[in-house]
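> Fold the following.
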Amino acid sequence: MRHRKDHRKLSRTHEHRRALLRNLVTALFQYERIETTVAKAKEARRLAERMITFAKQNDVAARRHVSTFVFKPEVVAKLFDTIGPWYTERNGGYTRIIRIGRRLGDAGETAYLELVKSAEQKETERADRIAAAEAKALAQAGEKAAKKSKAEAEEPDDAPAEAAKPKRGAKKEKAGAAGGGAAKPRRGPRKVGG
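Down below sits the predicted model:
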């Protein structure tokens, strides 16, 4: 029976388990979506939702409390400046666990642990991704055009340099012509066994 047993031990010591959960929560706030096992996701969700509740308070005491748990200061800043305001109207349920199947190596059940976002946030992120992809495509097209025009501009300069370079095998041809005789015949494949 599991009476009065509050959490999963995850087969780790207290220090190891705390470090693992701190890493998971920090990664969740940094990337907004992580892949882990279901048991670890359920444990990390408890702590992540507490940290988001502190971020909603947005005072100095809450910031100090969160900074003792979350590893990176830039992630703490993101939590209080960006993630906390997302959930001002929401009372809990800031994360979701999506099961994705079993791992190949040890058949551990894996899941995504992600932050829940509103439809408006998803649409703005989608628009940002599309704009970034278009900007990247334009930059690559401009880069290709610049390389092409540069290559066309350099072609006349390269022609005399190419003429000055000796061609491959020119040394052998000169040696064969100077010797007066035919060049040595090429040896064929060796016969094995006789």
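> need the contact list for Leu104.
For Leu104, no residue counts as a contact, taking CB atoms under 8 Å, 6 or more residues apart in numbering as the criterion. Yep, even glycine has a C-beta here, placed from its N, CA and C like the rest.
> Retrieve the pLDDT associated with it.
For Leu104, the pLDDT comes out at 94.
> and if you look at Gly180?
In this model, Gly180 is scored at 57, pLDDT.
> State the phi and psi torsions of the most centrally placed residue in the chain.
Centroid-nearest residue in the chain, with CA atoms, centre = their mean: Tyr31, separated by 9.8 Å. Note on Tyr31: its backbone torsions stand at phi -100, psi -10 [degrees, to the nearest 10].
> got it, and Leu115?
Per-residue torsions, Leu115: phi -80, psi 140 (degrees, to the nearest 10).
> How many residues are close by it?
Applying other CB atoms under 10 Å, we find 18 residues neighbouring Leu115.
> burial count for the closest residue to it other than its chain neighbours?
Nearest non-adjacent residue to Leu115, counting by CB to CB, 6 or more residues apart in numbering: Glu32, 5.0 Å away. Residue neighbour count, defined by other CB under 10 Å, stands at 16 for Glu32.
> got a pLDDT number for Glu32?
The model reports Glu32 with a pLDDT of 94.
> Distance of it relative to Lys40?
Distance from Glu32 to Lys40, counting by CB to CB, to the nearest Å: 17 Å.
> Tell me how the protein divides into domains.
With domains defined by automatic domain parsing, the chain comprises 14-116, 118-161.
> so what's Gln57 up against?
Applying CB under 8 Å, 6+ apart, no residues contact Gln57.
> Can you tell me which of the domains of the chain is most buried?
Mean neighbour count (mean count of other CB atoms under 10 Å) peaks for domain 14-116 among the domains of the chain, with a mean of 16.
> And that one, how far out from the chain middle?
19 Å (CA atoms, centre = their mean, to the nearest Å).
> Next, the distance between the ends of that domain.
With CA to CA, to the nearest Å as the measure, domain 14-116 spans 29 Å from end to end.
> One more: stretch 83-99?
First-to-last residue span, stretch 83-99, CA to CA: 23 Å.
> who's in contact with it?
Residues outside stretch 83-99 that contact it (CB under 8 Å, 6+ apart) are 28-29, 38, 41-42, 45, 48-49, 52, 55-56, 58, 109-118, 121.
> and it, average pLDDT?
94.
> all helices for the chain, in order.
Along the chain, counting by DSSP state H, helices occupy 14-31, 38-57, 60-67, 73-78, 84-86, 119-164, 170-179.
> sorry, back to before: and the domains of the chain: which comes nearest Arg8?
Closest to Arg8 of the domains of the chain, according to CB to CB: domain 14-116, at 5.4 Å.
> any low-confidence regions in the protein?
For the chain, applying pLDDT under 70 flags the ranges 155-167, 169-186, 188, 190-194.
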